[in-house]
Every structure is written in C-alpha cells, then in structure tokens.
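Q: just the structure for this:
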Amino acid sequence: MDDRPLFLFCDANTAVYDTHLLMKRGGLQLVRLLRELRGQIALPDISRAEYLSNYAKVAASARKDAAVALSQLETLSGQRATAALPQEKFWESRGPRILEELKDITFEIAATAELKAAALDRAVEGRKPALKPNQDIKDCLIWECILSLPAESEVIFASRDLKAFYRDGKFDESLLKEAAAKGLLITPVDTSQQNLYAAVDLLKSRVADVEALRLNELRLDDRVSEPDAVGNTGPVVPVHLPHEVNPNPPEQAAEAGKPSDTFDVVAPARNFFQALEEKALGFVSYLGRTAKPEVIALLVQSGAMADAARNVLDRLALSGMIRETGHNYLRVDSLHAKRAAELAEEEMIKLTGLGG
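A: Below you'll find the predicted structure:
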C-alpha cells in the first residue's frame, strides 16, 4: 500500500446531486475504503457551504414533489399516504449531521486571505479553472485550496465539471502540471455516470488482499480504540430469525377470551418490527463496527423507513444485542449475532459491492 497521503475531493454535483452527501451510488463504499486506507476527504470551507446549500435545495424539492405525488395517491386510493413524508426542513439538521459523522476522515481547508488573493488573481487573469478573465472565482478558490494540501499527496478528483477542470474531455494538463509543481498527484475519476463507483474500484485496487475488504474486518473508525465490554452490558434477549418466522400469519387477530387468557395485544406492532430487527441485527453484526448514518442508510436502501431503522437499532442497543458508542454501533458476539450476520451476508454484498 502506497504511503503517500491520500485525499478525495468531490465537487458539489457529485457530492450532493449524485450521492446525497456520500450516502448512495458508491458513497458509502468509498467512505469505508478511505477509512481502510487512512485517506481523507479534502473539504474546502467554500465547498462545505456549497454542499449544504445545494443539499437543502435538493431535499426541499424532493419533499415537495413527494408531497404532491402522495396527495394524488391519497385521492386515488382513498387511503392516507402523507404520513410517509419526513418532517419539514429535515435538511437543516440532517445535512450538517452527515458531514459531522464524516469529520474523522475530513481534512478541512480554510480559505485564508492568501488563498483568496491567489484565487482572485487567477480569476482576473482567466487561468484555469476560470474560463474567462474575471469569472469563476469559486472554482479558482477551490483549486487554490487543493494546491494547499500537503506536498507528496495524491488527490482523487471526482468532478463532473467538464468546463472548469477539463479540456477536450481530459483533465486539464496545465492544472496537472501546476499540481505536480506543488508535489501533488491529481488522479481524476470518471463521474459521468453520476456515481462514485469508478473511485470505489480505484481504491479497492489499492488494497493488496481483496479478502481483507470483508466489511466485518474493516476498521471503521481509526480515531477511537474501543474498550472491550466489561461487566453487565444488558440482557441478551432471544431473536427470532427468518427461518423461525411463521410465513403465513393469520390475517386477523383472534378475539381475546377471558382476562386470564394469554393474548398478545401488540402482536401487529411486534410482527411489523420483527423482520426489521432481524435485518438490523444482521447488518451490524456483519459490519462489526459501523457509523450510525452508514447502517441506517443501508437499511433504508434495503427498503426500511429511516425512522423505523433508528428505532429498531436503539431497541437492539437497549437490549444489549448490539453496543452503542455515541457515533457508532458495534457487534456483540453471540450465537444470534453470528446467525443474523450469515443471513444478512448476501444482501450486504449486493448493497455495498464489497463482497470478496
């Protein structure tokens, strides 16, 4: 593995519009690979502001479109559907929270007065990434921030901006030479398909043993050395695994008999959450250690509602079947965890693309 410091830069198109702040289309896999390779996300403060601004626009537009579609569905079906909508302005807290969860692998670049002056000179002179004199100050400032990264670093450059950073379909040669003069290697990746899978494939090739990329072996948070569980970590309750679930549950609950009769009054709710609890336990047990947003995003990709995913993960942590450490969930070794991980393996490989 190359000892050269490794950075990833994503423009707003790729980071927000394509991957929703690295939550889809290769973003989650890339985050895990960066942690494995001890790489970092190069994040100029101007890019951070642009990420959050565009994220809010995309989220607000998506919620508005969903509200219209669900309203139409309600009148067509005669059934209430708008309850599926997330709360209004959810983006105001979720966007910053996602970036906060990535802070352990983020290299923040402050736009100093010196960098701003250099960017202004570049824009006035019309040097790339400016297209014409006195234009594109934002792209010029982003590039000056990239040039300020530590010498001898490699920068994986993920951008769909073919005007600013590319020329004739290839990364601009003058920018590559300018970076090389600063001791930086720029490695552009193809994001024309509006995803980060090319970057994922590139970083996977940097790991000598592909088998080491089994998710339950990855170090998902190199900052903190988690202590082993000691003492009583809470009761471990039995889990009903999929092969134990009745595939043909009764359509209607039986009527309660006398007060002394055994009757599960919350059976419908229990049945609703049971399959999701099994899947959540399997995902966490398979990963071994995972940041909260990552496993929630995987559960959402598998068809769960985000709020329901958070609920069952909290319940599993409360019961002691998984551990919660602030920002992460950890596997608690047990027969149930092992079996749940085995059952989740196939779906995890499909979701993450990181199977051996």
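Q: show me where the stretch 101-250 of the chain has its helices.
A: For the stretch 101-250 of the chain, the helices defined by DSSP state H, counting those that start in this stretch cover 113-125, 137-147, 173-181, 197-204.
Q: looking at these, which is buried most?
A: Across these, averaging neighbours per residue (mean count of other CB atoms under 10 Å) puts helix 137-147 on top, at a mean of 23. Quick note: C-beta positions are derived from backbone N, CA and C, even for glycine.
Q: now the helices of the stretch 101-250 of the chain as JSON lines including mean pLDDT?
A: Output for the helices of the stretch 101-250 of the chain, formatted as JSON lines (pLDDT from 0 to 100):
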{"stretch": "helix 113-125", "mean pLDDT": "94"}
{"stretch": "helix 137-147", "mean pLDDT": "96"}
{"stretch": "helix 173-181", "mean pLDDT": "97"}
{"stretch": "helix 197-204", "mean pLDDT": "93"}
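Q: tell me which of those sits nearest to Ile98.
A: For Ile98, the closest of the helices of the stretch 101-250 of the chain is helix 197-204, at 18.1 Å, according to CB to CB.
Q: which helices and strands does the next helix-or-strand element following the closest one pack with?
A: Next in sequence after helix 197-204, counting helices and strands by DSSP states H and E, comes helix 267-287. On a contact count with 3 or more CB pairs under 8 Å, 6 or more residues apart in numbering; DSSP states H and E, helix 267-287 meets helix 292-301, helix 306-319, strand 322-324, strand 328-331, helix 335-352.
Q: now distance to Thr82, mean pLDDT and mean neighbour count too, for these, in CSV please.
A: Output for the helices and strands packed on helix 267-287, formatted as CSV (distance: least, CB to CB, whole Å; pLDDT from 0 to 100; neighbours: other CB atoms under 10 Å):
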stretch, distance to Thr82, mean pLDDT, mean neighbour count
helix 292-301, 19, 89, 21
helix 306-319, 15, 86, 17
strand 322-324, 32, 89, 19
strand 328-331, 31, 90, 22
helix 335-352, 28, 85, 17
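Q: can you redo these as TSV with distance to Lys24?
A: Formatted as TSV, the helices and strands packed on helix 267-287 follow (distance: least, CB to CB, whole Å):
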stretch	distance to Lys24
helix 292-301	7
helix 306-319	13
strand 322-324	24
strand 328-331	20
helix 335-352	10
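Q: Leu185 is nearest to which of those?
A: Set against Leu185 and scored by CB to CB, the helices and strands packed on helix 267-287 come closest in helix 335-352, at 27.6 Å.
Q: circling back: quick check: which of the helices of the stretch 101-250 of the chain is nearest to Gln29?
A: Smallest distance to Gln29 across the helices of the stretch 101-250 of the chain (CB to CB): 4.7 Å, for helix 197-204.
Q: what helices and strands are in contact with that closest one?
A: Helix 197-204 sits against helix 27-36, strand 154-158, strand 185-189, with contacts defined as 3+ CB pairs under 8 Å, 6+ apart.
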